[in-house]
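# have a look at this prediction, sequence included:
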Amino acid sequence: MAGHSARQKGRSRDLNWWVSTVVRGLLFRLLRYKAKLAGIRVFVVPPGGTSRVCPRCLSAGKHVISPGNKTEEDSGSWFVCPSCSWQADRDYAGSLNIARLGFKLTRPLSYKVGGAARPFPSRVASPEISSGAMTFTTTA
C-alpha cells in the first residue's frame, strides 16, 4: 500500500506541473495575441535572478524573512537593498526589474511627481505620491 500512495502523490505532482504549464502557456499565447492586435511588441524576459538586484540603484540586495524580521534567508519573501535602503516585496522588486529589462533599460528606475525626478519608491508610497500622477522614467 505504501508504494501505491507514493505513486498517487507523484501523479498528483506531475498533474499539477502539467496544469500549471498549460495554463501559463495559454495565458502567454493570449497575451501575445492581444498585444499584437494592439500593436504592442512582447519581449520574453527570463525571471531567474530578477529579485536579486535593486531596481532603484542596481546594487545586489538581500532576501529576508519579512519587513519586521531581517534574518537573511535565500527563500525570504522581502527584498532589502543594503546600498540605498530601498525595500519591498521580493516579487515586486523582481517585476520592476523585469519591466526594466523588457524595455532594455540599463539604468535604475525612477519616477516623476510634478516634474521632479525622485528615486523609485517602495510599494507603500506616501499619500502625496499615491495621489499624484506618476510617470516612470530612468534616472540620468
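Arrived safely, thanks for sending.
# so how far is the longest helix along the chain off the chain centroid?
Using DSSP state H to define each element, the chain has its longest helix at helix 2-37. The chain centre lies 21 Å from the centre of helix 2-37; the measure is C-alpha atoms, centre = their mean, to the nearest Å.
# just after that helix, pick out the following helix or strand.
Next along the chain after helix 2-37, taking DSSP states H and E as the criterion, comes strand 62-64.
# so which elements touch the very next helix or strand once past that next one?
Next helix or strand after strand 62-64 toward the C-terminus (DSSP H and E): strand 78-80. Contact analysis of strand 78-80 by 3 or more C-beta pairs under 8 Å, 6 or more residues apart in numbering; DSSP states H and E lists strand 62-64, strand 87-89, helix 90-102 as its packing neighbours. For the C-beta atoms, the positions are set from N, CA and C on the backbone; glycine is no exception.
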